[in-house]
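K.L.:
no sequence on this one, just coordinates:
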């Protein structure tokens, strides 16, 4: 098992949808979800990316409620990110529960080209 602060992410190219132009999309596939705490740094790595594409940042998004019109828990939390090598990024979780309440979030990674990964479920504790 990979230590909590070092998860491997595998990126793969997918075909653009009809009418989306020549923009390339890359998806991250992560095997397992993990727990993260407040004020911690986590180094996230992926396999080699194409030339000119690098991981840029990570974000947390709380899942929405599918049974309600309005969901007061829905939120976007930008994470402090430090790009490392082209295939890694160091993210820092929020400093306290005042910035992001405890709970389940989806972690997305973004590249410098604006491509978004698949979500990884994390538990913020």
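P.N.:
Thanks, I have the structure now. All of these numbers come straight from a predicted model, not from anything done at the bench. Residues are numbered from 1 along each chain as shown.
K.L.:
quick one, what contacts the residue most central in space within the chain?
P.N.:
With distances taken as Cα atoms, centre = their mean, residue 108 lies nearest the centre of the chain, 2.1 Å away. Residue 108 is in contact with 58-61, 116-117, 119-120, counting by Cβ atoms under 8 Å, 6 or more residues apart in numbering. (Each C-beta comes from the backbone N, C-alpha and C, glycine too.)
K.L.:
including distance to residue 42, could these go into a markdown table?
P.N.:
Formatted as a markdown table, these follow (distance: Cβ to Cβ, whole Å):
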| residue | distance to residue 42 |
| --- | --- |
| 58 | 8 |
| 59 | 13 |
| 60 | 12 |
| 61 | 17 |
| 116 | 18 |
| 117 | 14 |
| 119 | 16 |
| 120 | 11 |
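K.L.:
nearest to residue 101 among those?
P.N.:
For the contacts of residue 108, the closest approach to residue 101 (Cβ to Cβ) belongs to residue 60, at 11.0 Å.
K.L.:
what's the helix or strand for that closest one?
P.N.:
Assigned by DSSP states H and E, residue 60 belongs to strand 55-61.
K.L.:
what's the neighbour count on residue 86?
P.N.:
17 (other Cβ atoms under 10 Å).
K.L.:
assign a three-state SS to it, would you?
P.N.:
On the three-state scheme (DSSP: H, G, I helix; E, B strand; the rest coil), residue 86 is labelled coil.
K.L.:
tell me who's in contact with it.
P.N.:
Taking Cβ under 8 Å, 6+ apart as the contact definition, residue 86 lies against 49, 53-55.
K.L.:
now do the strands in this structure.
P.N.:
6-14, 25-29, 34-36, 41-46, 55-61, 76-78, 80-83, 88-92, 103-111, 120-124 (DSSP state E).
K.L.:
make CSV out of those strands and add distance to residue 67.
P.N.:
Listed next are those as CSV, based on distance: least, Cβ to Cβ, whole Å:
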stretch, distance to residue 67
strand 6-14, 31
strand 25-29, 28
strand 34-36, 27
strand 41-46, 32
strand 55-61, 18
strand 76-78, 21
strand 80-83, 33
strand 88-92, 31
strand 103-111, 16
strand 120-124, 19
